[in-house]
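*Asks:* Task: produce atomic coordinates for the following.
(3 chains)
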Amino acid sequence: MTPTTGNLLITGAKLADGTTTDLFIADGKLADPASAPAGTQRLDADGLLALPGLVDSHTHLRQPGREDAETVDTGTAAAARGGFTCVHAMANLTPVTDTAEAAEYVQSLGERDGHCEVRVVGAVTKGLGGEELSELGRMANSKAAVRVFSDDGKCVSDSLVMRRALTYVKSFNGVIAQHSQDPRLAGPNACCHESEWSGRLGLAGWPSQAESVIVARDVQLAELTDSRIHVCHVSTAESVEVIRWAKKRGIKVTTEVTPHHLLLDTPLVAGYDTTFKVNPPLRTSEHLEAVREALADGTIEMVGTDHAPHARQDKDHPFDVALPGMLGLEQALAVVMEVMVNTGRMDWPTLVERMSYAPARYSQTSTQGRPLAIGEPANITLVDPNARATVDAEASRSRSRNNPYHGRELPDPIVATIWRGRITYQR
Amino acid sequence: MRHLLSCADLDLASTNALLDLAEEMQQVQSRSVKKLPALRGRTVVNIFFEDSTRTRTSFEIAGKWLSADTINVSAKGSSVSKGESLRDTMMTLDAMGVDAFVIRHASSGAAAQVASWVKAQVINAGDGQHEHPTQALLDAFSMRQHFRRIGAEGFAGKKVAIVGDVLHSRVARSNVLLQQILGSDVVLVAPPTLVPTGVNEWDCEVTGDFDTVLPEADIVMMLRVQRERMAGGFFPTEREYTERYGLTPERLAKMKPGAAICHPGPMNRGVEISSAAADAANSLVLEQVAAGVAIRMSVLYHLLGSEEGAIR
Amino acid sequence: MADPATNTPTPQVSRVVADASEVARVLARMAHEILEANHGAENLLVLGIPTRGVHLARRLAKLIGDIEGHPVRLGELDITMYRDDLRANPTRNPARTSIPGSIDDAVVVLVDDVLYSGRTIGAAFDALRDLGRPKAVRLAVLVDRGHRELPISADTVGRTIQAATDERVSVLVSELDAADAITITRTGRA
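*Replies:* Residues are numbered from 1 along each chain as shown, chains lettered A, B, ... in the order given. This is a model prediction of the structure:
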């Protein structure tokens, strides 16, 4: 952790709404700039944007279990590099986060090693087995105060198990975050969006409907149980349509989209580069267009990176065998800017809503996703909206190198990240 | 051309050059001394992650007749069971100074991946459900000889029907690409469940109706149907498959005069092809096998004959 | 072996040292010499080395056949795969090798257009060895231009031309070129 613990005066920063202000950080909170004593350390933010710290709804930190791919230390360092002050650590660890003890252990790792806040996501079912419920209530009551439960990486495909989980978490205002993948329509070999590309490349396809049929089922189960469902990494036009329908009916559904599903499309797998193998797969342009539009209009209310580090030896296999997943934390804001802001689809206040406020509300994390106002926690992302750079996978703070943006010219916005008043990243 | 990974790497000139040289190589097969010195001092490693006696042997003979040092590595299941990645396996062999890899793998794209990693040249001897370019070349070679025998001019306007499990067939994918280069009209005939997604973009006709296509086809290429596809629920029974998509004796009788039968082998007699058809006078099946060595000699020579490795 | 792609002379630097009628006279004399040296056409197998050697061989075989009153065996021997510079050059597509019958116990007359370094003929010996065991091998060339790099000499020579290393001696044949001729072209590079 960068041990900057003193007070700090950020001068001349522009807020998302366009107003310019000074931000005075004292004791981890925002205070009145007028009260800053003379000689306070200063950070000149002229020409920079100050955003509330970004919150990632979907992160794989790999610790405990696969510390060769990522640790809480390296994963949250990558998060800080990407402007995040909070991540949600998914449960597919070894051991799986399916007990209060496991949840508190991950929580403690975050407190000890984190360069940002680590919110624990619990498994819906024991061992991600899809059959028996995990200790949902004990995890909720633990020091980790788990509110989001997900078998992510696997789909809770059994409708009855899903119904029970939704019903059960209601009592402590939990939410089930579903990895929507029909395991029969998109089986274990499915590794490419089912399309002309899968046909030509001879890769087993993953039709977009393998996602939307589960989304359609789940929103109806959420309606049946009057509970909260969250759709992870929405990637298809059909899912977006189902979600619009569900929202119109008043169903409590929230959704996220990954940066890569906003920017990267199916033809990238044509060279069989396993960096581009991800679940759900990279879709074709009409799906990209649909999720962009949904993120702009709020049908999709947040961005979740699905940051999925993998050790080289797990990627250096044939395409159908290599593990799915790609890095996302460090370039998340850059990609959202490139696709949504720089194209005029989304303004900065909306971006703050999608990348900070909404994901914090989703997991009921009161310390995050707050406006930059006096008395609020000093979680700040300082952004240079005009800087650009070519992404270099080797320069990553992540322990892994499966960066799909390597070699691509993108915005390079993050100037500094401040979490609880401390600078966790500075260019 | 440095590698042969896909028929998309070829054009009409290089395809004809490969077929023409294969004809010369067939002459060599009838000599008492079958050795040519062209690849003396070159090392070709046949690495087969999936069993195929036929393809491996034919590449091995082809390499030996061109005087290359040919080494067979049976890698079936080895790397995965030892926890070694495909990249590490190939980089290790590459570090030994291999000039070319002939690779067969159960995964689509494996040959292309290997080509992106190693210094050696790579020939795709079948990658999953993707491609098998030397098979398509030897099919074209056999067809060309057949067309000549019946006094027909070239591939232009010829109707080539490829029948069966197109979805899982690397032979079909390579043949569609190569036949397009040669100028024939390809018709894919397959049960609806065994048609690849996006096939309408392939620049060929697609139908489920074998009986309409059959009397017009100049070449009827039957694809092997894997028995596990039935278990996968792609079609109800073997009997139904044969009835709708098999080259039965009844269908054999309805073939156009001068039309010929191809099959990449191994055949499931009685399923996709009847014995009457397999052994018919117009069956090119054995000719295809014989062409295998000549085609692979031609490919090895064109890729490895020069340091520059260029097909001109 | 002359390179077919560059054989067409450019007018400003080429000069003709033998025209079509001269080439015809030279070939006729060569046919007689071959017969004389072999004491007749018995067992003769005339093998042309592609590209232009094949055409010269066909003409020599016809001349010999006309003199003897019966056809003489004629074939083609491609040596591409036996070249010692194979790997240093872009891949060449080999030409046809076709031998009527066996070469065993035949008197093979190798026919090439220009004898220069001798490497082509060296490769031809290797190629013949893989085809069988001739009784004898003779060499007939239309032009011997010297500068040998191997201990090889022709048994029958049409014309001996002293050319510098920066000059290219080309044999043109009417089947492929405008007309039969022998030309010398200054290339400017040794």
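
*Asks:* Could you give the secondary structure assignment for the closest residue to A:R42 other than its chain neighbours?
*Replies:* Nearest non-adjacent residue to A:R42, counting by Cβ to Cβ, 6 or more residues apart in numbering or on different chains: A:L9, 4.9 Å away. Yep, even glycine has a C-beta here, placed from its N, CA and C like the rest. Following DSSP: H, G, I helix; E, B strand; the rest coil, A:L9 is assigned to strand.

*Asks:* burial measure for A:L9, as a count.
*Replies:* Look at A:L9: counted by other Cβ atoms under 10 Å in any protein chain shown, it has 20 neighbours.

*Asks:* What is the burial count for C:A164?
*Replies:* Neighbours around C:A164, by other Cβ under 10 Å: 12.

*Asks:* can I assume C:I103 is in contact with C:L128?
*Replies:* Yes. When contacts are counted by Cβ atoms under 8 Å, C:I103 is listed as touching C:L128 (6.6 Å).

*Asks:* Quick check, the residue in chain C closest to chain A?
*Replies:* Distance from chain A to each residue of chain C (Cβ to the nearest Cβ) is smallest for C:T91, at 25.9 Å.

*Asks:* joint contacts of C:I103 and C:L128?
*Replies:* Residues touching both C:I103 and C:L128 by Cβ atoms under 8 Å, 6 or more residues apart in numbering or on different chains: C:P134.

*Asks:* coming back round to it: do I have it right that the residue of chain C closest to chain A meets B:Y301?
*Replies:* Yes. Using Cβ under 8 Å, C:T91 is in contact with B:Y301, at 7.4 Å.

*Asks:* Show me which of those two is the more surrounded one.
*Replies:* Of the pair C:T91 and B:Y301, B:Y301 is the one with more neighbours under other Cβ under 10 Å, namely 29 against 24.

*Asks:* Need the nearest residue in space to residue 41, chain neighbours excluded.
*Replies:* All of this is about chain A. What sits nearest to A:Q41 in space, not counting adjacent residues and going by Cβ to Cβ, 6+ apart, is A:L8, at 5.3 Å.

*Asks:* try again with chain C
*Replies:* C:E68 (4.5 Å).

*Asks:* Let me see the confidence value for B:I311.
*Replies:* Note for B:I311: predicted pLDDT of 43.

*Asks:* cool, and C:I64?
*Replies:* 95.

*Asks:* Which strand or helix spans it?
*Replies:* C:I64 belongs to helix C:52-68 when assigned by DSSP states H and E.

*Asks:* go on, B:V45?
*Replies:* Using DSSP H and E, B:V45 sits within strand B:43-48.

*Asks:* do the same with A:R292
*Replies:* Counting by DSSP H and E, A:R292 is found in helix A:285-297.

*Asks:* wait, does that helix make contact with chain B?
*Replies:* No. On the criterion Cβ under 8 Å from any Cβ of the partner chain, helix A:285-297 is out of touch with chain B, staying 13.5 Å away.

*Asks:* Restricting to C-alpha, output that helix in CSV.
*Replies:* Taking Å, rounded to 0.1, in the frame of the first residue of the first chain, the C-alpha atoms of helix A:285-297 are listed here in CSV:
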residue,chain,number,x,y,z
SER,A,285,-21.3,-6.4,-33.8
GLU,A,286,-25.1,-6.4,-33.6
HIS,A,287,-24.8,-7.7,-30.0
LEU,A,288,-22.1,-5.2,-29.1
GLU,A,289,-24.4,-2.5,-30.4
ALA,A,290,-27.3,-3.7,-28.3
VAL,A,291,-25.3,-3.8,-25.1
ARG,A,292,-23.9,-0.3,-25.7
GLU,A,293,-27.3,1.1,-26.3
ALA,A,294,-28.6,-0.7,-23.1
LEU,A,295,-25.7,0.7,-21.1
ALA,A,296,-26.5,4.2,-22.4
ASP,A,297,-30.2,4.0,-21.6
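
*Asks:* Other residues contacting it?
*Replies:* Helix A:285-297 is contacted from outside by A:193, A:208, A:234-237, A:240, A:243-244, A:255, A:257, A:261-263, A:265, A:299-300, A:303, A:339-340, A:345-346, A:350, A:354, using Cβ under 8 Å, 6+ apart.

*Asks:* again with stretch A:135-148
*Replies:* A:57, A:88, A:97-101, A:103-104, A:106-107, A:119-122, A:124, A:149, A:165, A:168-169, A:171-175, A:177, A:230, A:362-364.

*Asks:* If you count neighbours, what's buried in it?
*Replies:* A:135-140, A:142, A:144-148 (16 or more other Cβ atoms under 10 Å in any protein chain shown).

*Asks:* ok, now stretch A:417-424?
*Replies:* In terms of neighbour count (16+ other Cβ under 10 Å), stretch A:417-424 has its buried residues at A:417-424.

*Asks:* could I have that stretch exported to PDB, CA atoms only?
*Replies:* Listed next in PDB are the C-alpha coordinates belonging to stretch A:417-424 (Å, rounded to 0.1, in the frame of the first residue of the first chain):
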ATOM      1  CA  THR A 417      -6.500   6.800  -7.400                       C
ATOM      2  CA  ILE A 418      -7.300   7.700  -3.800                       C
ATOM      3  CA  TRP A 419      -8.900   5.300  -1.500                       C
ATOM      4  CA  ARG A 420      -9.900   6.300   2.100                       C
ATOM      5  CA  GLY A 421      -7.700   9.400   1.600                       C
ATOM      6  CA  ARG A 422      -4.600   7.400   0.600                       C
ATOM      7  CA  ILE A 423      -3.100   7.500  -2.900                       C
ATOM      8  CA  THR A 424      -3.200   3.900  -4.100                       C
END
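
*Asks:* all helices in chain C, in order from the N-terminus.
*Replies:* C:20-38, C:52-68, C:119-131 (DSSP state H).

*Asks:* Find the one among these with the highest mean neighbour count.
*Replies:* Comparing these by mean neighbour count (mean count of other Cβ atoms under 10 Å in any protein chain shown), helix C:52-68 ranks first with a mean of 21.

*Asks:* From the chain's centroid, how far away is that helix?
*Replies:* Centroid separation for helix C:52-68 versus its chain: 11 Å, with Cα atoms, centre = their mean, to the nearest Å.

*Asks:* tilt between it and helix C:119-131?
*Replies:* Angle between the axes of helix C:52-68 and helix C:119-131 is 70 degrees (criterion: axes from the mean of the first three to the mean of the last three Cα atoms, to 10 degrees).

*Asks:* what helices or strands is helix C:52-68 leaning on?
*Replies:* helix C:20-38, strand C:44-48, strand C:73-76, strand C:107-115, strand C:167-172 (3 or more Cβ pairs under 8 Å, 6 or more residues apart in numbering or on different chains; DSSP states H and E).

*Asks:* Around chain B, pick out the residues from the stretch 251-400 of chain A.
*Replies:* By Cβ under 8 Å from any Cβ, the residues of the stretch 251-400 of chain A that approach chain B are A:271-274, A:312-313, A:316-321.
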